[in-house]
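1. Got a predicted model here, sequence first, then my questions.
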Amino acid sequence: MTSRIPTHGLATQGFDVSADIHWNLITPQLVEQALSRGEGILAKDGPLVVKTGKHTGRSANDKFIVRDAETEETVWWGKTNKGMTPEQFATLKTDFLAHLATKDTLFVQDLFGGSQPAYRVKVRVINELAWHNQFIRTLLVRPDASELEGFVPEFTIIDLPTFAADPERHGTRSETVIAVNFTEKLILIGGTKYAGEMKKSVFGILNYKLPAQGVMPMHCSANIGPNGDTAVFFGLSGTGKTTLSADASRTLIGDDEHGWSDQAVFNFEGGCYAKMINLSAEAEPEIFATTKRFGTVLENVVIDETTRELDLDDNSLAENSRGSYPIEFIPNASKDNLGPVPKNIIFLTADAYGVLPPIAKLTPDQAMYHFLSGYTARVAGTEIGVTEPSATFSTCFGAPFMPRHPSIYGNLLKERIAKGGVDCWLVNTGWSGGKATMPGIKRMPIKATRALLNAALDGSLKDAEFTKDPNFGFEVPVAVAGVDSKLLDPRGSWADAAEYDKTAQTLVGQFIENFAQFEDHVDVGVREAAPKAA
Ligand SMILES: Nc1ncnc2c1ncn2[C@@H]1O[C@H](COP(=O)(O)OP(=O)(O)O)[C@@H](O)[C@H]1O
Ligand SMILES: C=C(OP(=O)(O)O)C(=O)O
Ligand SMILES: [Mn+2]
């Protein structure tokens, strides 16, 4: 076997470390390291089980982009993309490198972000934790031996959970920091053990770079039907990208990040990152099976230390417990990480207001409207007395990952829809029959969502009877085989129709208020695709 130690080492990059460096270890080596270092324990059937401590999800408010000559005009500065001065970054980098120098062991992987040679970025990830190194090796694309030869990283990520940022010194909000420098091509992640930060940082790089190459980067999952029909599923966290893209009847391309070029939809990643809480063997058999394999890493899943049995229903460590596994653990995953250009675009939303129908057909203008809006809603909190859901509008269904102005991504979508041959749908995987905060109100059964999706994707909905949603103006099917028709009529599913109308108008008001920022960036058709205030 050829050496996995690169010729272009850390010293070449100007990083002065005395650590024992483990270069490009493979899964069994990294799992052995993680175990011997006490980073986690093995579950009964082989997964490595770890805890992330305080941070069990992304720290979106602790992310900064260095604001300099490169990014001043290219990044959309606002409430999502927050700036850090080059001076603050320089101090942070000095302090990061000093902290790095104190480590006696480091794990480094050389990987690709992006599966297609023409559109990928070479990324080096430097970790202090073996399991983080295992995670990122699983999630990104693993070079083969010949691709490792002469590997020179374009971007480098230094990921030090034990580093504590100092708000006074570094201009951060807390001890946690994700600092992105597009000029130096360096990303510093500190003060968090949530592994998802690493993969979403690489996503940010591709979202920054690819529009210039004519590729639309997308926060979506993707799969291919039996007739070669690709579907992409956009959606914010928790709306069902990962769950719904793993489907026995379709070929999985990927669960979270893709590019749409003139020829294909391709995965940015080489693995998946699924939610584990309440994971059901019946509703999600392919994902459930990954919890029984060596190579899977489970974050914040509760395990009995004696029997090594998992308890996927226990949320005492986190609501957002996760499992990461290589894409090939899903039985029908695409071997070449790509598929033809999409026939269907689905926008997933988990509507905690219980207002949106479980599926609706969108016109191209409505699709643009909903893409720029990027709506989902969740139950605000678990405190007693919370009665209102809270709406989130995250443009392009992924604002935290999109450095550029939404119109850049929006125009790429517009061009693609204008070419024709693609149908757009809005799918509510959230609550129905009332607000999520009302007693007895449940989330849409996964089975029903899958049946509706399959009807849309296999073309059988084309002949269905539709009715226009009175608030949103999109077309909603009246009856679909295998689905309780009551579900298809959100207003009729509420005990009190007047209460439905009132709640719907609250939501419409929030859409209108949020869209004001895009009014000047879209044409009249898109503006008119807005929901109507009564
Ligand atoms: N109707 C539904 N459709 C999709 N997911 C659902 C549905 N009802 C409940 N869920 C649950 O919601 C979560 C969706 O999460 P996930 O697929 O990981 O979202 P994403 O990948 O978009 O962040 C899963 O835990 C899934 O079990
Ligand atoms: C990894 C993440 O993505 P998602 O929840 O969309 O799967 C995340 O948001 O941290
Ligand atoms: Mn996901």
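-> Thanks, I have it. Ligands and ions are numbered 1, 2, ... in the order given.
2. Got the confidence number for the residue positioned nearest the centre of the chain?
-> The centre of the chain sits closest to residue 256, judged by CA atoms, centre = their mean, with a distance of 4.7 Å. pLDDT, residue 256: 98.
3. Quickly note the distance from it to ligand 3.
-> Using CB to the ion, to the nearest Å, one obtains 5 Å as the distance from residue 256 to ligand 3. Heads up, the C-betas are built off the backbone N, CA and C, glycines and all.
4. which residues touch that residue?
-> 199, 203, 219-221, 241-242, 269, 272-273 (CB atoms under 8 Å, 6 or more residues apart in numbering).
5. can you redo those as a markdown table with neighbour count and distance to residue 109?
-> Converted to a markdown table, these look like this (neighbours: other CB atoms under 10 Å; distance: CB to CB, whole Å):
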| residue | neighbour count | distance to residue 109 |
| --- | --- | --- |
| 199 | 22 | 12 |
| 203 | 22 | 17 |
| 219 | 26 | 23 |
| 220 | 28 | 25 |
| 221 | 28 | 24 |
| 241 | 28 | 25 |
| 242 | 24 | 23 |
| 269 | 27 | 14 |
| 272 | 29 | 18 |
| 273 | 21 | 16 |
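6. As TSV, these with distance to ligand 2, secondary structure and pLDDT would be great.
-> Formatted as TSV, those follow (distance: CB to the nearest ligand atom, whole Å; DSSP: H, G, I helix; E, B strand; the rest coil; pLDDT from 0 to 100):
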residue	distance to ligand 2	secondary structure	pLDDT
199	6	helix	98
203	9	helix	98
219	7	strand	98
220	10	strand	98
221	9	strand	99
241	6	helix	98
242	5	helix	98
269	10	coil	98
272	9	strand	98
273	5	strand	98
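7. Residue ranges in the stretch 251-400 of the chain under the pLDDT threshold?
-> Applying pLDDT under 70 to the stretch 251-400 of the chain flags the ranges 380-386.
8. if we can go back for a sec, out of the contacts of residue 256, who's near ligand 3?
-> Among the contacts of residue 256, the ones lying near ligand 3 by CB under 5 Å from the ion are 241-242.
9. What pairs with the helix or strand harbouring residue 426, parallel or antiparallel?
-> Residue 426 belongs to strand 423-428 when elements are defined using DSSP states H and E. Paired neighbours of strand 423-428 in the sheet (DSSP bridges): strand 342-349 (parallel), strand 359-362 (antiparallel).
10. contacts for that strand?
-> 240, 343-351, 356-364, 366-367, 370, 417, 444, 449, 452-453, 456, 474.
11. Dihedrals phi and psi, the residue nearest to the centre of the chain?
-> phi -150, psi -40 (degrees, to the nearest 10).
12. ok, the closest residue to ligand 2 within the stretch 51-200 of the chain - contacts?
-> Taking CB to the nearest ligand atom, ligand 2 has its nearest neighbour within the stretch 51-200 of the chain at residue 196, 3.5 Å off. Neighbouring residues of residue 196 by CB under 8 Å, 6+ apart: 57-58, 273, 322.
13. Can I get those residues in JSON lines including secondary structure and distance to residue 25?
-> JSON lines is the format used below for the contacts of residue 196 (DSSP: H, G, I helix; E, B strand; the rest coil; distance: CB to CB, whole Å):
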{"residue": "57", "secondary structure": "coil", "distance to residue 25": "27"}
{"residue": "58", "secondary structure": "coil", "distance to residue 25": "26"}
{"residue": "273", "secondary structure": "strand", "distance to residue 25": "20"}
{"residue": "322", "secondary structure": "strand", "distance to residue 25": "22"}
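14. Top of those by number of neighbours, please.
-> residue 322 (23 neighbours; other CB atoms under 10 Å).
15. ok, for it, nearest residue in space, not its chain neighbours?
-> Once flanking residues are discounted, residue 322 sits nearest to residue 299: 4.4 Å by CB to CB, 6 or more residues apart in numbering.
16. Equivalent analysis for residue 110, please.
-> Leaving out its chain neighbours, the residue that sits closest to residue 110 by CB to CB, 6+ apart is residue 151, at 4.6 Å.
17. Pull up the gap between that neighbour and residue 102, please.
-> 26 Å (CB to CB, to the nearest Å).
18. Of the two, give the one with the bigger neighbour count.
-> The neighbour count for residue 151 versus residue 102, taken as other CB under 10 Å, is higher for residue 151 (17 against 13).
19. pretty sure that one contacts residue 6?
-> Yes. The criterion here is CB atoms under 8 Å, and residue 151 meets it with residue 6 at 5.3 Å.
20. Are there residues contacting both of these two? Which ones?
-> Common neighbours of residue 151 and residue 6 (CB under 8 Å, 6+ apart) are residue 110.
21. All the helices of the stretch 301-450 of the chain, in order from the start?
-> 364-373, 406-418, 446-457 (DSSP state H, counting those that start in this stretch).
22. what residues does this structure put near ligand 2?
-> 57-58, 196, 200, 237, 241-242, 256, 273 (CB under 6 Å from any ligand atom).
23. what does the stretch 351-500 of the chain have sitting close to ligand 1?
-> 429, 443-444, 446, 449.
24. Let me know the secondary structure of the residue of the stretch 201-350 of the chain found nearest ligand 2.
-> Across the stretch 201-350 of the chain, the shortest distance to ligand 2 (CB to the nearest ligand atom) belongs to residue 237, at 3.2 Å. For residue 237, the assignment made with DSSP: H, G, I helix; E, B strand; the rest coil gives coil.
25. residues contacting it?
-> Here residue 237 is in contact with residue 57 (CB under 8 Å, 6+ apart).
26. same question, residue 310
-> Residue 310 neighbours (CB under 8 Å, 6+ apart): 43-44, 47, 49, 291, 298, 301-303.
27. Strands of the stretch 51-200 of the chain, residue ranges please.
-> 63-66, 83-84, 105-113, 121-127, 155-160, 177-181, 186-190 (DSSP state E, counting those that start in this stretch).
28. so which of those comes closest to ligand 3?
-> strand 105-113 (16.7 Å; CB to the ion).
29. and the closest one with strand 121-127, angle?
-> 160 degrees (axes from the mean of the first three to the mean of the last three CA atoms, to 10 degrees).
30. Show me which parts of strand 105-113 are buried, residue by residue.
-> Neighbour-count burial for strand 105-113 flags 106-113 (criterion: 16 or more other CB atoms under 10 Å).
31. And those residues, which is closest to ligand 1?
-> For the buried residues of strand 105-113, the nearest to ligand 1 is residue 113 (18.4 Å; CB to the nearest ligand atom).
32. How about the closest one: what's its closest non-neighbour residue?
-> residue 202 (4.1 Å).
33. Pretty sure that neighbour sits against residue 122.
-> No. With contact taken as CB under 8 Å, residue 202 and residue 122 are classed as non-touching, separated by 10.8 Å.
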